[in-house]
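[1] Got a sequence here, can you build the structure:
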Amino acid sequence: MSESPAEGAEEAAAESAASSASGAVTHVFIDHRELLFSIVYNMLGSVADTEDVLQESWLSWTGRARRSPLEEVANPRAYLVRIAVNHALARQASIRRRREAYVGPWLPEPLVTSAEVTTVAADGTDRALRTESVSMAMLVILETLTPLERAVFVLNEVFGYAHAEIADVLDRSPSAVRQLAHRARQHVHARRPRYQAHPRVQREATERFVAAALGGDVGALMDILAPDVTVWIDGGGKRQGAGLRPVQGRDKAARLLAGYASRRTEGLDIRYRHVNGEPSAVVFAGDSPYAVMVMDLTPEGDQVSGVYVVTNPDKLSGVALDVDSAPDGQPGPVERGRSRASVLRQ
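    Next up is the predicted model:
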């Protein structure tokens with residue numbers, strides 16, 4: 001028996017309503033995806049793990065939407081942040097197990113953007129804190145916090161969430177969140193005073209360092225490196241000469257860097273870009289990324305107090321010679337993070 005025109009119209013209306021609801025669910029998630037990426041990346045320091053968490057968050061979000069209307073979610077932003085943060089916390093155990101077995105120093109997966117990226121947000125607000133929050137130096141320090149301390153620090157110090165809001169996200173009492181925030185803030189600030197070098201100073205210091213390091217000029221390295229400098233080279237056991245632990249002290253650091261550079265300097269192309277919000281150097285061998293080099297300066301800005309070199313090819317897979325495209329012609333996961341690294345809670 002053929003269906004009546006009325007039945008056909010009802011089915012069409014139902015399908016249209018379902019399609020509209022599905023579109024609204026997708027639209028809400030896309031609207032908040034950059035914010036979620038920024039929060040989770042700050043919590044994990046890994047683009048790959050962050051993308052996995054966002055996929056899990058998407059599945060949780062769509063599952064929630066199938067069970068009840070989207071209109072019942074009073075604050076989609078708060079709901080999505082809660083989902084993403086808790087998925088990130090659940091992933092921390094497996095991430096820590098992987099890092100315990102990691103060969104050599106572990107550094108965050110770099111977020112690389114064009115050197116022309118502005119340091120002023122579109123809304124005119126100061127981006128100094130948000131840039132600092134995702135810097136290599138800061139992310140290394142955040143690794144020393146407990147997962148809950150790190151979540152609280154990121155939400156409170158970076159994204160401006162109040163303790164009561166964080167308590168709802170983590171299902172903790174406001175007093176417990178305040179204690180976590182106090183411990184995390186003390187720990188971070190004791191190791192990382194609030195200082196942000198001017199981009200021009202950072203760029204000039206980076207260029208001096210790169211010229212000395214890749215040129216194997218020990219004397220120039222001794223001039224630019226601070227006496228208590230620390231060098232991290234993250235090769236993941238896949239690059240020769242990366243070392244098994246960070247090197248501290250100017251003499252050892254200069255010899256390490258000069259020796260490392262002597263292994264390969266021909267055919268290298270240096271591009272100056274922003275890495276995790278800071279002027280840095282990206283080294284290419286042909287069209288392939290060879291290393292990302294990030295320098296942390298002393299408060300005076302005239303010497304390098306920390307050197308972070310990522311050479312693990314797994315962490316450089318999204319870095320393209322053309323910053324606007326990956327090797328396959330599509331935006332790579334690292335380049336796609338250009339806006340993510342600076343998105344704050346609105």
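[2] Which parts of the stretch 151-300 of the chain are helices?
    Counting by DSSP state H, counting those that start in this stretch, the stretch 151-300 of the chain has helices at residues 163-170, 174-191, 199-214, 218-224, 250-262.
[3] Point out the other helices and strands that the fourth one packs with.
    This points to helix 218-224. helix 199-214, helix 250-262 (3 or more C-beta pairs under 8 Å, 6 or more residues apart in numbering; DSSP states H and E). C-beta: built from backbone N, CA, C; applies to glycine.
[4] Compare these and say which comes out lowest on pLDDT.
    Lowest mean pLDDT within those: helix 250-262, a mean of 85.
[5] contacts for that one?
    213-218, 221-222, 225-231, 233, 241, 243, 247, 307 (C-beta atoms under 8 Å, 6 or more residues apart in numbering).
[6] Inside strands: which ones of these?
    If you go by DSSP state E, these have 225-231, 233, 247, 307 in strands.
[7] one step back: which of the contacts of helix 250-262 are buried?
    Neighbour-count burial (16 or more other C-beta atoms under 10 Å) applied to the contacts of helix 250-262 gives 213-214, 216-217, 221, 225-226, 229-231, 233, 243, 247, 307.
[8] of the residues you listed, closest to residue 65?
    residue 233 (45.6 Å; C-beta to C-beta).
[9] Now do the contacts for that closest one.
    Counting by C-beta under 8 Å, 6+ apart, the residues that residue 233 touches are 104-105, 241-243, 256, 260, 309, 311.
[10] what about it, distance to residue 215?
    18 Å (C-beta to C-beta, to the nearest Å).
[11] do residue 304 as well
    Counting by C-beta to C-beta, the gap from residue 304 to residue 215 is 15 Å.
[12] Hmm, residue 187 and residue 145 touching each other?
    Yes - judged on C-beta atoms under 8 Å, residue 145 makes contact with residue 187 at a distance of 6.3 Å.
[13] need the strands for the chain, in chain order.
    Under DSSP E, the chain gives strands at 112-113, 225-234, 247-248, 268-275, 278-285, 288-297, 304-310.
[14] which residues of the stretch 1-150 of the chain fall in helices?
    For the stretch 1-150 of the chain, applying DSSP H, counting those that start in this stretch gives helices covering 5-44, 47-67, 76-100, 128-133, 136-142, 147-153.
[15] how about TSV for these, with distance to residue 292, mean neighbour count and mean pLDDT added?
    Below are the helices of the stretch 1-150 of the chain laid out as TSV (distance: least, C-beta to C-beta, whole Å; neighbours: other C-beta atoms under 10 Å; pLDDT from 0 to 100):
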stretch	distance to residue 292	mean neighbour count	mean pLDDT
helix 5-44	16	16	73
helix 47-67	13	17	92
helix 76-100	19	17	94
helix 128-133	17	18	42
helix 136-142	9	23	92
helix 147-153	23	23	97
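[16] and those as TSV, adding distance to residue 268?
    Below are the helices of the stretch 1-150 of the chain laid out as TSV (distance: least, C-beta to C-beta, whole Å):
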stretch	distance to residue 268
helix 5-44	28
helix 47-67	24
helix 76-100	29
helix 128-133	27
helix 136-142	21
helix 147-153	35
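[17] so which of these comes closest to residue 319?
    Nearest of the helices of the stretch 1-150 of the chain (C-beta to C-beta): helix 47-67, 10.7 Å.
[18] Run through who's touching the closest one.
    With C-beta under 8 Å, 6+ apart, helix 47-67 has contacts from 21-22, 25, 28-29, 33, 36-37, 40-41, 44, 73, 79-80, 83-84, 87-88, 91, 95, 109, 111, 318, 333-334, 337.
[19] what distance separates that helix from the middle of the whole chain?
    Taking C-alpha atoms, centre = their mean, to the nearest Å, one finds helix 47-67 lying 19 Å from the centre of the chain it belongs to.
[20] Report the angle between that helix and helix 76-100.
    Taking axes from the mean of the first three to the mean of the last three C-alpha atoms, to 10 degrees, one finds helix 47-67 and helix 76-100 inclined to each other by 140 degrees.
[21] Give me the pLDDT value at residue 290.
    91.
[22] any idea how far residue 273 is from the residue lying closest to it once chain neighbours are set aside?
    Of all residues not flanking residue 290 in the chain, residue 283 sits nearest, at 4.5 Å (C-beta to C-beta, 6 or more residues apart in numbering). Using C-beta to C-beta, we find residue 283 at a distance of 11 Å from residue 273.
[23] ok so, going back, same list, the helices of the stretch 151-300 of the chain, but as CSV with distance to residue 54 please.
    As requested, the helices of the stretch 151-300 of the chain are exported to CSV (distance: least, C-beta to C-beta, whole Å):
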stretch, distance to residue 54
helix 163-170, 16
helix 174-191, 24
helix 199-214, 30
helix 218-224, 39
helix 250-262, 35
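[24] Indicate which one of those helices is closest to residue 296.
    helix 199-214 (9.3 Å).
[25] helices or strands next to that closest one in the packing?
    helix 218-224, helix 250-262, strand 268-275, strand 278-285, strand 288-297, strand 304-310.
[26] and the angle from the second one to strand 268-275?
    Meaning helix 250-262. 120 degrees.
[27] Quick one: distance of helix 250-262 to the chain centre.
    On C-alpha atoms, centre = their mean, the centre of helix 250-262 falls 27 Å from the chain's centre.
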